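> below: sequence and its predicted model.
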Amino acid sequence: MKENFSNAERAQVLAEALPYIKRYNGKVIVVKYGGNAMINEELKQQVMEDIVLLHLIGVRIVLVHGGGPEISDLMKRLGMEPKFVDGLRVTDKETVDLVQMVLAGKVNKTLVNLLEMKGGNAMGISGMDGRLIEATPKSEKLGYVGNIKRVNIAPVTDLLEKGYIPVVSTVGCDKKGNTYNINGDTAAACIAGALRAERLIMMTDIAGVLTDKNDPTTLIPRLTVSEAKGLYDSGIISGGMIPKVDCCIEAIERGVERVIIMDGCVPHSILMELLTNEGAGTMVTKD
């Protein structure tokens, strides 16, 4: 890859991006941010720059984030042992207070600050603000882990209309005032559906859906919902990919045009997906 580009090459890249800029100008794109792209500091800076670039050319970006590693790190420092059942964090009353502290506090405000430093206008909110995410308990054994009962999207649309990048942490609440830890992928799918977003981009640590999980060259670039469901039976979609594809399907069924599962560790993967003809990852669409 060239490190130095001539002015003519730079101009050509911008000219080729013009149709995509026109296509997405004014459209809502929801980005679920997580995985190694959130842990690696260099990647984090790059993702924030890409989001600000899209924001400045008129794309209405909503950033939905988790923060599992940060929660586990704080728990260990406090002498608490993280516990998981079926990939979900067991969240008792003490743990849910830490989840709220880390997600709605430290992680959320750090991302807001980074976006502002890169030249964007960002505002951080949690699923508790304006009752954005109303939740119910998922199961007794998981404690304060929530299913999403209702999404009140008004706080997000208000921020978009005022020119902000909403940065949403995935904690919710119920009508009794209890706080719940919400799965980030599920929250992103529900928020994107409520917004009727043009795209939901799910940043993960793998390239997308692979016919051979050990071979990145077997990436499936495009799937319909019915094709994706068929891959469950064949075993191609298995393990940790199942809940992610479930969220893709839920987002489509809630009204999102297209959902992309992509490797967030690939530099500028968001820009590759939105502003080039090649795209990135696996795109899930309606039948």
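Now that the structure is in, tell me what you want to look at. Residues are numbered from 1 along each chain as shown.
> how close does A251 get to I206?
Using Cβ to Cβ, to the nearest Å, one gets 19 Å for the distance from A251 to I206. Using the backbone N, CA and C atoms, a C-beta is placed for each residue, glycine as well.
> quick one: which of the two has more around it?
A251 (28 against 20; other Cβ atoms under 10 Å).
> not counting sequence-adjacent ones, nearest residue to that one?
A189 (4.0 Å; Cβ to Cβ, 6 or more residues apart in numbering).
> count the neighbours of the one you found for me.
30.
> what about it, distance to L219?
Taking Cβ to Cβ, one finds A189 at 22 Å from L219.
> swap in A15?
28 Å.
> who has more neighbours, those two?
Comparing A15 with L219 by other Cβ under 10 Å, the one with more neighbours is L219, at 19 against 9.
> hang on, that one packs against G208?
Yes - at 5.2 Å, L219 counts as touching G208 under the criterion of Cβ atoms under 8 Å.
> for E198, report the pLDDT, please.
pLDDT, E198: 93.
> repeat that for E3.
55.
> what's the answer for L142, then?
90.
> what's around it, how many residues?
L142 has 20 nearby residues by other Cβ under 10 Å.
> pretty sure it contacts V85?
Yes - using Cβ under 8 Å as the test, L142 is close enough to V85 to be in contact (6.2 Å).
> what's in contact with the helix or strand harbouring L274?
L274 is located in helix 269-275, with elements delineated by DSSP states H and E. The contact list for helix 269-275, computed with Cβ atoms under 8 Å, 6 or more residues apart in numbering, reads 17, 20-21, 24, 29, 31, 47, 50-51, 53-54, 59, 199, 201, 203, 260, 262-263, 266, 278-281.
> now swap in stretch 39-57 and tell me
With Cβ under 8 Å, 6+ apart, stretch 39-57 has contacts from 21, 24-25, 29, 31, 33, 36-38, 61, 63, 69, 111, 114-115, 118-121, 165, 203, 264-265, 267-268, 270-271, 274.
> just those: which are in helices?
Taking DSSP state H as the definition of helices, those contribute I21, Y24, N36, A37, M38, P69, L111, L114, L115, I270, L271, L274.
> how much space between the last one and D50?
Between L274 and D50 the distance, using Cβ to Cβ, works out to 9 Å.
> more neighbours: those two, which one.
Set L274 next to D50 and count neighbours by other Cβ under 10 Å: L274 wins out with 24 against 21.
> can you tell me the closest non-neighbouring residue to A122?
Looking at A122 with Cβ to Cβ, 6+ apart, the closest residue is L115, at 3.8 Å.
> cool, and N121?
Per Cβ to Cβ, 6+ apart, closest to N121 is Y164, 5.1 Å.
> what of E278?
Closest to E278 by Cβ to Cβ, 6+ apart is M272, at 6.4 Å.
> find the residue at the geometric middle of the protein.
The centre of the chain sits closest to K32, judged by Cα atoms, centre = their mean, with a distance of 0.3 Å.
> if that one is in a bridge, with which residues?
V64, M202 (DSSP bridges).
> so it versus T204, what's the distance?
9 Å.
> and K175, how many neighbours does it have?
K175, neighbours per other Cβ under 10 Å, totals 9.
> wouldn't it be in contact with E134 here?
Yes - using Cβ under 8 Å, K175 is in contact with E134, at 7.4 Å.
> low-confidence stretches in this protein?
Within the chain, the ranges that satisfy pLDDT under 70 run 1-5.
> how about the helices of it, start to end?
7-24, 36-39, 41-56, 68-77, 93-100, 108-117, 154-161, 184-195, 225-234, 241-253, 269-275.
> what angle separates the fourth one from helix 108-117?
Helix 68-77 and helix 108-117 meet at an angle of 130 degrees, taking axes from the mean of the first three to the mean of the last three Cα atoms, to 10 degrees as the criterion.
> which strands or helices does helix 68-77 pack on?
When contacts are defined as 3 or more Cβ pairs under 8 Å, 6 or more residues apart in numbering; DSSP states H and E, helix 68-77 packs onto helix 93-100.
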